[in-house]
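# Show me how the following folds:
(one chain, ligands or ions: 1)
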Amino acid sequence: MSQTTTENSAALALRQALGEYATGVAIVTARDAAGDPVGLTINSFAAVSLEPPLVLWSLGRQSQLIEPFTLRSHWAINVLGVDQKPLAERFSQPGAARFAGLEWKLGAGGTPLLAGCSAWFECRSETRHDGGDHLLLIGRVEHYERASRPPLLFHGSRYFTLGEPA
Ligand SMILES: Cc1cc2nc3c(=O)[nH]c(=O)nc-3n(C[C@H](O)[C@H](O)[C@H](O)COP(=O)(O)O)c2cc1C
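As a prediction, this is how the structure comes out:
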């Protein structure tokens with residue numbers, strides 16, 4: 001077995017183990033240097049602190065969107081509802097016209113907010129930290145809204161709906 005194959009299967013095994021941790025799904029949005037909306041699907045979103053109100057997500061260093069997310073003072077977390085799986089798929093596809101035909105508006109911090117989500121967090125970019133092959137972004141929540149739609153869930157590389165309470 002070649003060195004590369006060994007590394008790839010080790011990375012896959014780690015990815016699969018990490019995939020046992022079920023999460024929600026969000027689209028993080030900002031605007032690029034031309035002012036056009038940009039965004040990508042994430043499941044690294046996490047609450048950090050209530051006082052001050054801080055949230056966290058991580059961005060792959062190979063992403064095409066490193067520039068807007070490090071350039072701009074604000075970004076927004078759009079938490080996806082269960083009927084937004086097509087959006088999750090579209091916003092994780094390289095080269096897709098991600099905002100084409102979508103309903104969205106600009107929030108107070110100039111961030112694109114997608115219609116039909118279950119919650120929105122408009123954040124001022126607070127700090128960035130090294131996270132290996134990802135960049136950790138911490139933001140201060142300046143505005144938020146909640147629509148309480150049923151969530152879209154992600155587990156083991158597949159999307160799910162919420163089941164019964166345990
Ligand atoms: C469910 C799901 C969760 C993802 N979570 C992240 C994430 O937390 N951070 C990240 O950088 N990419 C994540 N990705 C990958 C991005 O959505 C996207 O595929 C990748 O960034 C390539 O597009 P880009 O170059 O426009 O960023 C996730 C993809 C999926 C399907």
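# can we go C-alpha only for contacts and neighbour counts from here?
Will do.
# now the helices for the chain?
Ranges of helices within the chain are 3-18, 66-71, 85-90, based on DSSP state H.
# Next, format the ones you listed as JSON lines and append mean pLDDT, distance to D130 and mean neighbour count.
Formatted as JSON lines, the helices of the chain follow (pLDDT from 0 to 100; distance: least, CA to CA, whole Å; neighbours: other CA atoms under 10 Å):
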{"stretch": "helix 3-18", "mean pLDDT": "84", "distance to D130": "20", "mean neighbour count": "11"}
{"stretch": "helix 66-71", "mean pLDDT": "95", "distance to D130": "13", "mean neighbour count": "16"}
{"stretch": "helix 85-90", "mean pLDDT": "98", "distance to D130": "26", "mean neighbour count": "16"}
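# With W104 as the reference, name the closest of the ones you listed.
Nearest to W104, of all the helices of the chain, is helix 85-90, at 12.5 Å by CA to CA.
# State the distance from the closest residue to G110 other than its chain neighbours to P151.
Nearest non-adjacent residue to G110, counting by CA to CA, 6 or more residues apart in numbering: H74, 7.2 Å away. To P151, H74 is 24 Å away according to CA to CA, to the nearest Å.
# returning to that earlier point: please produce a markdown table containing the helices of the chain, extended by distance to A119.
Formatted as a markdown table, those follow (distance: least, CA to CA, whole Å):
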| stretch | distance to A119 |
| --- | --- |
| helix 3-18 | 25 |
| helix 66-71 | 20 |
| helix 85-90 | 15 |
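# between these, which gets nearest to the ligand?
For the helices of the chain, proximity to the ligand was assessed by CA to the nearest ligand atom; helix 85-90 is nearest, at 6.2 Å.
# now the closest one, how far from the centre of its chain.
For helix 85-90, the separation from the chain centroid amounts to 12 Å (computed by CA atoms, centre = their mean, to the nearest Å).
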